[in-house]
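Asks: Kindly generate the corresponding structure for this input.
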Amino acid sequence: MTEPRRARRRDRLRDPETGQWDMAEVRHRMKGWAAVLVALAVIVGGGWFVGNRAWDAFMDFRTQEDYISVAGLEDVQVTIPAGSTMGQMATMLQEANVVKSADTFTKYARSRPDEAARIQAGTYNLRTEISAQSAFDRLLDPANIVRNMMRIPEGLRLSEALAQISERTKIPQEELQAVIDDPAELGLPEWAGGKAEGFLYPETYEIGADPTALSVLQIPVNHFKKVAAEIDFENRAASTPLGDPYQTLVMASIVEREARSAEDRAMVARVFYNRLEKGMPLQSDATTAYANNTTGRAATTDAERALDSPYNTYHPSTAGKLTPGPISSPERSALEAALAPAEGDWLFFVTVDLDTGETKFTNTLDEHNAAVAELRAWCAASPENQKKCTG
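Replies: Predicted coordinates:
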């Protein structure tokens, strides 16, 4: 029995006998497909709309009292003054837009009381719009504290050290000098005689957020006293040929300026002790430069060496004498060298290579003159060398 034509058309889009498209069937099926697509679009679009509204509602609830970000948006610095309570700290964080709610931060900090007690006063590098937990963790991390650092290099005379301190701290040099001129509160050792030269220990220091002239100068003085106590400087100085801590400090300050390496310092100290014992002038270029207020070169001129000053140890009047006071602030190895000079009978030394620091120690003037000739040859070897020698 022959299959009805309409049934064939609903089963197939093309007539199997003629191969022609059944356009009525095609139109009928396209209407059905379109209806399905429209229905799917409504379902998907409605779901996205509902889901998006639900997510927005969740985020509004989640961030009502706290930000959720760990990374935050922008860098910001927040200063926590000394003595701040946790509530005050939280308010500062909220005002800087670090946390959304001071109350939320305070509540979180109370959940970690032992760690909260370790948060220090200071200035911190933080981020805006971070969670209370992230802000708390950042305050605990020492890497986020802004360090206000000051470095006093080795071998500086007091005036140079004050200039460096002023530049780093922005404290006027006149204010620093006023503390030096009236050092009652500076904390110098009693045997310093009220003189600060030599007592600003060379080191890198953290000076806090709001340093004053007095507070910033007390830091290196206190560190000098700490180092001196560690090496028992005052008591050991009594056993040196000088027999006095202040004079031993003077010796250390000259050694600091003259020795090119830590290894040579005890030998340099021995040379100066030997010359003092024999009543000879020290003939230290470093002391002569101090007397003439010059710096930046190794050698001194004949005119500078002729200056009549107790700090010019080329002058005949200084034979067998130290300078009246220190010419620099010595560090530990120079202090140790003055306390325990090397054994030897040298009377001379000269650095023959200013780049490597090679230094020759000799007993006779002829040997010394030969070493001086080596230095002069080194100085003449290039314009760069000459500048290092004579400026």
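
Asks: quick one: contacts for Trp116?
Replies: You called it Trp, but residue 116 is Ala. Met86, Ala109, Arg110, Phe136 (C-beta atoms under 8 Å, 6 or more residues apart in numbering). For every residue, glycine as well, the C-beta is placed using N, CA and C.

Asks: What about those, which are in helices?
Replies: Met86, Ala109, Arg110, Phe136 (DSSP state H).

Asks: burial count for the third one?
Replies: Applying the criterion other C-beta atoms under 10 Å, we find 10 residues in the vicinity of Arg110.

Asks: need the contact list for it.
Replies: So Arg110 contacts Met86, Ala116 (C-beta under 8 Å, 6+ apart).

Asks: Is the residue nearest the centre of the chain bridged to anything, and to what?
Replies: In the chain, the C-alpha nearest the mean C-alpha coordinate belongs to Met149, at 5.2 Å (C-alpha atoms, centre = their mean). Beta-bridge partners of Met149, counted by DSSP bridges, are Glu206.

Asks: what residue ranges in the stretch 101-250 of the chain score low on pLDDT?
Replies: Along the stretch 101-250 of the chain, no part satisfies pLDDT under 70.

Asks: mind redoing it with 90?
Replies: Applying pLDDT under 90 to the stretch 101-250 of the chain flags residues 120-123, 145-149, 206-211.

Asks: List the contacts of the nearest residue to Asp244 once chain neighbours are set aside.
Replies: Closest residue in space to Asp244, ignoring its immediate chain neighbours: Ala237 at 6.3 Å, by C-beta to C-beta, 6 or more residues apart in numbering. Neighbour list for Ala237: Gly243, Asp244, Pro245, Gln247, Thr248, Leu249, Ala338, Leu339 [criterion: C-beta under 8 Å, 6+ apart].

Asks: OK, contacts around the residue nearest to Ile80 when sequence neighbours are not counted?
Replies: Distances taken as C-beta to C-beta, 6+ apart place Ala121 nearest to Ile80, at 5.2 Å, with adjacent residues excluded. Taking C-beta under 8 Å, 6+ apart, we find Ala121 in contact with Ile80, Pro81, Ala82, Gly83, Ser84.

Asks: circling back to that earlier point, list just the nearest of the contacts of Ala237 to Arg265.
Replies: Ala338 (8.6 Å; C-beta to C-beta).

Asks: Could you check how far the closest one is from Ser101?
Replies: Ala338 sits 61 Å away from Ser101, going by C-beta to C-beta, to the nearest Å.

Asks: again, but for Arg138
Replies: For Arg138, the distance to Ser101 - C-beta to C-beta - is 17 Å.

Asks: Kindly report the same for Met150.
Replies: Taking C-beta to C-beta, one finds Met150 at 38 Å from Ser101.

Asks: Name the residues of the helix or strand hosting Thr288 that are buried.
Replies: Using DSSP states H and E, Thr288 maps to helix 285-292. Neighbour counts over helix 285-292 (16 or more other C-beta atoms under 10 Å) mark Asp285, Ala286, Thr287, Thr288, Ala289, Tyr290, Ala291, Asn292 as buried.

Asks: now swap in stretch 356-371 and tell me
Replies: Glu358, Thr359, Lys360, Phe361, Thr362, Glu367, His368, Ala371.

Asks: Leaving out sequence neighbours, find the closest residue to the fourth one.
Replies: Across the structure, with C-beta to C-beta, 6+ apart as the measure, the residue nearest Phe361 apart from its sequence neighbours is Trp346 (4.3 Å).

Asks: the more surrounded of Ala338 and Ser101?
Replies: Taking other C-beta under 10 Å, Ala338 and Ser101 do not tie; Ala338 has more neighbours (30 against 17).

Asks: Is it correct that that one falls within a helix?
Replies: Yes: residue state for Ala338 (DSSP: H, G, I helix; E, B strand; the rest coil) corresponds to a helix.

Asks: That one against Thr240, yeah?
Replies: Yes: the pair Ala338 / Thr240 is scored as a contact, 6.9 Å apart, by C-beta atoms under 8 Å.

Asks: Identify the contacts common to those two.
Replies: By C-beta under 8 Å, 6+ apart, the residues touching both Ala338 and Thr240 are Thr248, Met251.
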